[in-house]
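One predicted model, sequence on top.
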Amino acid sequence: RPDMLAAMQSPEGAVKAKTKTLVKKTKKDGSKKMKKSKGDKKRKNSTKEKKSKGKNKKKAETKKRKRSLSQKEPSKEDTKSMEVESVEPTAKKARGPDGKAQDTAAFRKEHEMRIVGQDAAGTGAYACPPPLLRFTDTPFGQSVLSTLTRAGFEKPTPIQSQAWPICLQGRDMISVARTGSGKTLGFLLPTFHRLNAGAQK
């Protein structure tokens with residue numbers, strides 16, 4: 001077109017053409033930058049959403065684990081129901097060191113004993129045997145008894161008197177008593193006796 005050629009030839013027209021091209025370029029660059037910024041925002045939002053979803057999944061998994069563990073662990077009511085007071089099997093009386101009969105309930109009351117347990121089937125209370133108040137009432141061998149008498153022991157300690165008949169039945173037991181009350185021999189001597197009996201068979 002001649003009018004455009006004339007405009008290009010004049011210095012004013014050249015300046016105008018340059019400004020037009022610069023404006024077009026800036027518009028294009030601006031649109032590209034806007035597109036890039038929008039794309040970056042979308043990417044950031046998507047990564048944030050993914051992270052939040054992952055955190056929510058982890059929280060849900062930990063909650064499920066805690067629930068499963070709480071279901072497995074016994075409650076306080078269950079533990080209370082497991083603690084069943086023992087019952088007397090019969091009106092048997094233990095013999096004291098002097099050979100006189102002694103009431104089992106009175107002996108346990110005197111030494112503040114509390115016996116808790118269940119029967120072998122786990123359905124009822126444990127019938128606890130009476131205590132062995134003399135060394136001669138135990139099934140231990142003569143070598144063990146003579147060693148005890150030579151050591152200066154006249155009779156079993158209270159925890160030994162009641163622990164021995166329970167251990168000799170082969171029952172598991174946890175005994176709680178003061179230090180120096182004879183708890184160790186309370187389970188060791190019945191264990192040795194059962195091991196020797198098994199070896200002889």
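Cool, the structure landed.

going forward, measure contacts between C-alpha atoms and count neighbours the same way
Noted.

what's the helix or strand for residue 188?
Residue 188 belongs to helix 183-200 when elements are defined using DSSP states H and E.

and that helix, which residues are buried?
Within helix 183-200, the residues scored as buried using 16 or more other C-alpha atoms under 10 Å are 183, 185, 186, 187, 189, 190, 191, 193, 194.

Stretch 148-162 now?
Of the residues in stretch 148-162, those buried by neighbour count under the rule 16+ other C-alpha under 10 Å are 155, 156, 157, 158, 159, 160, 161, 162.

I would like the residues contacting the helix or strand that contains residue 166, please.
Under DSSP H and E, the secondary-structure element containing residue 166 is helix 158-168. Counting by C-alpha atoms under 8 Å, 6 or more residues apart in numbering, helix 158-168 makes contact with 111, 128-134, 173, 175, 177, 181-183, 185-187, 189-191, 194, all of which sit outside it.

ok, 7 Å please
By C-alpha atoms under 7 Å, 6 or more residues apart in numbering, the surrounding residues in contact with helix 158-168 are 129, 130, 131, 132, 133, 181, 182, 183, 186, 187, 190.

Let's see the pLDDT reported for the closest residue to residue 190 other than its chain neighbours.
Distances taken as C-alpha to C-alpha, 6 or more residues apart in numbering place residue 168 nearest to residue 190, at 5.6 Å, with adjacent residues excluded. Reported pLDDT at residue 168 in the predicted model: 93.

what's the answer for residue 42, then?
Predicted confidence (pLDDT) at residue 42: the value is 66.

returning to what we had before: in CSV, list the buried residues of helix 183-200 along with distance to residue 54.
As requested, these are exported to CSV (distance: C-alpha to C-alpha, whole Å):
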residue, distance to residue 54
183, 55
185, 58
186, 57
187, 55
189, 60
190, 59
191, 56
193, 61
194, 59
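
Go through those and name the one nearest residue 104.
residue 186 (18.1 Å; C-alpha to C-alpha).

and that closest one, how far is that from residue 175?
Distance, residue 186 to residue 175, using C-alpha to C-alpha, to the nearest Å: 9 Å.

Would it be right to say that residue 102 lies in a helix?
No. Secondary structure assignment places residue 102 outside any helix; it is strand (DSSP: H, G, I helix; E, B strand; the rest coil).

Tell me the bridge partners for it.
residue 94 (DSSP bridges).

count of neighbours near it?
Here the count is done by other C-alpha atoms under 10 Å, and residue 102 has 16 residues near it.

how close does it get to residue 110?
Between residue 102 and residue 110 the distance is 11 Å, computed by C-alpha to C-alpha.

One more: residue 128?
17 Å.

of these two, who's got more company?
residue 128 (20 against 10).

Do you know the pLDDT at that one?
So, for residue 128, pLDDT stands at 92.

ok, it to residue 153 distance?
Distance from residue 128 to residue 153, counting by C-alpha to C-alpha: 25 Å.

before we move on, what about residue 169?
When distances are taken as C-alpha to C-alpha, residue 169 and residue 153 turn out to be 24 Å apart.

same check, this time on residue 64
Spatial separation of residue 64 from residue 153 under the definition C-alpha to C-alpha is 58 Å.

How about the contacts made by residue 146?
Contacts of residue 146 were listed using C-alpha under 7 Å, 6+ apart, and none were found.
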